[in-house]
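J.: 3D model of this:
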Amino acid sequence: MASSWTGERVRLRAVEPDDWTALARFADDDGRRVGRLDPPRSAESHRVWAREQAVAACDGDRFRLAVETTARAELVGTVGSHRTGTRSGWFEFDVMIGADHRRKGYATEAMVLLLRFMFAERRYHKCLAAVLAPNEASLALMRRFGFSEEGRLREHVYFGGRHHDLVLMGMLADEFARRHTLSGP
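T.: You can find the predicted model right below:
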């Protein structure tokens, strides 16, 4: 049976306690991602985070979902809405796909499912994303998807021994509807 949370390649689902091992592996991909370098975390901290996510009450329209493949039910990343401006009708989202699973269409499909829900079901007007300027792959993904650069916070984030720009990207609900269907499967 088709679901609003299932696409051709991926399904969005709640984070489960057993997801901690894959999530820990993704966090260790720091050599293959563009961003700040975080201190190593213990296996227990990943276990606790996954347990907390699994039982967390929905905080309005702020949530994190697991992205798994439809073919093998393999966890490949996460997607979530983490800031909202309900009065003005905007939300901010992020997507993270593990390094071994990138460039396979998983991020794009997860974004379609999430944005379709937020625009069509929750009636938001605008989606925002903040991308580090050196992360050319994520910037290219956002542009291909239909996001427009709305601003740039110059030398806003410090990592790797220097300051980097933070690029603010946006997409309106009608722009999404022109490029991607608002109705589910």
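
J.: where does this protein have low pLDDT?
T.: Along the chain, the model assigns pLDDT under 70 to residues 1-2, 29-38, 182-185.

J.: hey, where'd the strands end up in the protein?
T.: According to DSSP state E, the chain carries its strands in the segments 10-13, 63-69, 75-85, 90-97, 126-132, 148-159, 162-172.

J.: for my notes, please list the ones you listed in a markdown table and give distance to Phe117 for each entry.
T.: Quick note: C-beta positions are derived from backbone N, CA and C, even for glycine. A markdown table is the format used below for those (distance: least, C-beta to C-beta, whole Å):
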| stretch | distance to Phe117 |
| --- | --- |
| strand 10-13 | 9 |
| strand 63-69 | 10 |
| strand 75-85 | 9 |
| strand 90-97 | 10 |
| strand 126-132 | 11 |
| strand 148-159 | 21 |
| strand 162-172 | 14 |
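
J.: quick one: closest of those to Ser4.
T.: Ranking the strands of the chain by their distance to Ser4 (criterion: C-beta to C-beta) puts strand 10-13 first, at 9.0 Å.

J.: that older thread, pipe the strands of the chain into TSV and attach mean neighbour count and distance to Leu23 per row.
T.: Conversion of the strands of the chain to TSV gives the following (neighbours: other C-beta atoms under 10 Å; distance: least, C-beta to C-beta, whole Å):
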stretch	mean neighbour count	distance to Leu23
strand 10-13	21	14
strand 63-69	21	9
strand 75-85	20	7
strand 90-97	20	9
strand 126-132	20	21
strand 148-159	13	21
strand 162-172	17	24
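
J.: looking at those, spot the one closest to Ala24.
T.: The closest of the strands of the chain to Ala24 is strand 75-85. By C-beta to C-beta, the value is 11.3 Å.

J.: partner strands of that closest one, with direction?
T.: Next to strand 75-85 in the sheet, as set by DSSP bridges, lie strand 63-69 (antiparallel), strand 90-97 (antiparallel).

J.: would you tell me which helix is longest in the chain?
T.: The single longest helix within the chain, with elements called by DSSP state H, is helix 43-55.

J.: packing partners of that one?
T.: The contact analysis (3 or more C-beta pairs under 8 Å, 6 or more residues apart in numbering; DSSP states H and E) places helix 43-55 against helix 20-27.

J.: contacts for the helix it packs on next, please.
T.: Counting contacts by C-beta atoms under 8 Å, 6 or more residues apart in numbering, the residues outside helix 20-27 that touch it are 15, 38, 41, 43, 46-47, 49-51, 75, 77-78, 96, 98-99.

J.: what's the closest of those residues to Asp59?
T.: Within the set of these, Val15 lies nearest Asp59; the separation is 13.8 Å, counting by C-beta to C-beta.

J.: tell me the contacts of the closest one?
T.: When contacts are taken as C-beta under 8 Å, 6+ apart, Val15 is in contact with Leu23, Ala50, Gln53, Ala54, Arg64, Leu65, Ala66, Thr78.

J.: show me the contacts for the closest residue to the fifth one other than its chain neighbours.
T.: Okay, so that is Arg64. Leaving aside its sequence neighbours, Arg64 sits nearest to Gly80 (C-beta to C-beta, 6 or more residues apart in numbering; 3.7 Å). Contact analysis of Gly80 by C-beta under 8 Å, 6+ apart lists Arg62, Phe63, Arg64, Leu65, Phe93, Asp94, Leu114.
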